[in-house]
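Peer 1: would you be able to build a 3D model of this:
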Amino acid sequence: MRYLLVPLLAWALAQGLKHVFRLMGRNRRVFSKNPKSPLLLSGGMPSAHAATVVSLATVVALYDGVDTVQFAIVLWVTMIILYDAMMVRFSSGQQGDTLNQLLDEQKSSLSRIRVAHGHTPVEVAVGATIGLFVSLVVFFATK
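Peer 2: So this is what the prediction gives:
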């Protein structure tokens, strides 16, 4: 069960911190484009993707060891997700913003595109740190 609950806890903490950063005046890139600010918003500080997959990789490493097929699989999946969050989704978010800006400038009748923002390297690093921290706290608290 810890393989599900620890990443869920890391994800929830990261998602909650997005709203804290919004209240502090940060994360405007994400929240200003979506006035409803739903809990499941993607992009912004910190990366919940990074927190989730790094916490899962850490839990597998701590409980099963790093010389296991489980850790190898989760490590590769983690690296792919982190790369995607920083490079592919960040780029597509910028492209979506540009397309929406063009729609606005041209006063187009087409509806605006829903943009899923990716993450900067700092947002991913902070999310990864949260995932590592949550996993270590749970591991040592339940040992």
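
Peer 1: any idea how far the strand or helix carrying Phe139 is from the chain center?
Peer 2: Using DSSP states H and E, Phe139 falls within helix 121-141. Centroid displacement of helix 121-141 relative to its chain, using Cα atoms, centre = their mean, to the nearest Å, is 12 Å.

Peer 1: helix or strand next in line after the lowest-mean-pLDDT helix or strand in the chain, which one?
Peer 2: Least confident helix or strand of the chain, by mean pLDDT, DSSP states H and E, is helix 28-31 with a mean of 53. Moving toward the C-terminus from helix 28-31, the next helix or strand (DSSP H and E) is helix 48-64.

Peer 1: related to what we said a few turns ago, CA atoms only: put the helix holding Phe139 into PDB for me.
Peer 2: In PDB, the C-alpha atoms belonging to helix 121-141 read as follows (Å, rounded to 0.1, in the frame of the first residue of the first chain):
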ATOM      1  CA  PRO A 121      13.900  22.900 -14.600                       C
ATOM      2  CA  VAL A 122      13.600  24.700 -11.200                       C
ATOM      3  CA  GLU A 123       9.900  23.600 -10.800                       C
ATOM      4  CA  VAL A 124      10.900  20.000 -11.600                       C
ATOM      5  CA  ALA A 125      13.800  20.100  -9.100                       C
ATOM      6  CA  VAL A 126      11.600  21.400  -6.300                       C
ATOM      7  CA  GLY A 127       8.900  18.800  -7.100                       C
ATOM      8  CA  ALA A 128      11.600  16.100  -7.100                       C
ATOM      9  CA  THR A 129      12.900  17.300  -3.700                       C
ATOM     10  CA  ILE A 130       9.400  17.200  -2.300                       C
ATOM     11  CA  GLY A 131       9.000  13.600  -3.500                       C
ATOM     12  CA  LEU A 132      12.300  12.600  -2.000                       C
ATOM     13  CA  PHE A 133      11.600  14.300   1.300                       C
ATOM     14  CA  VAL A 134       8.100  12.800   1.700                       C
ATOM     15  CA  SER A 135       9.400   9.300   0.900                       C
ATOM     16  CA  LEU A 136      12.300   9.600   3.400                       C
ATOM     17  CA  VAL A 137      10.000  11.000   6.100                       C
ATOM     18  CA  VAL A 138       7.500   8.200   5.700                       C
ATOM     19  CA  PHE A 139      10.300   5.500   5.500                       C
ATOM     20  CA  PHE A 140      12.000   6.700   8.700                       C
ATOM     21  CA  ALA A 141       8.800   7.400  10.600                       C
END
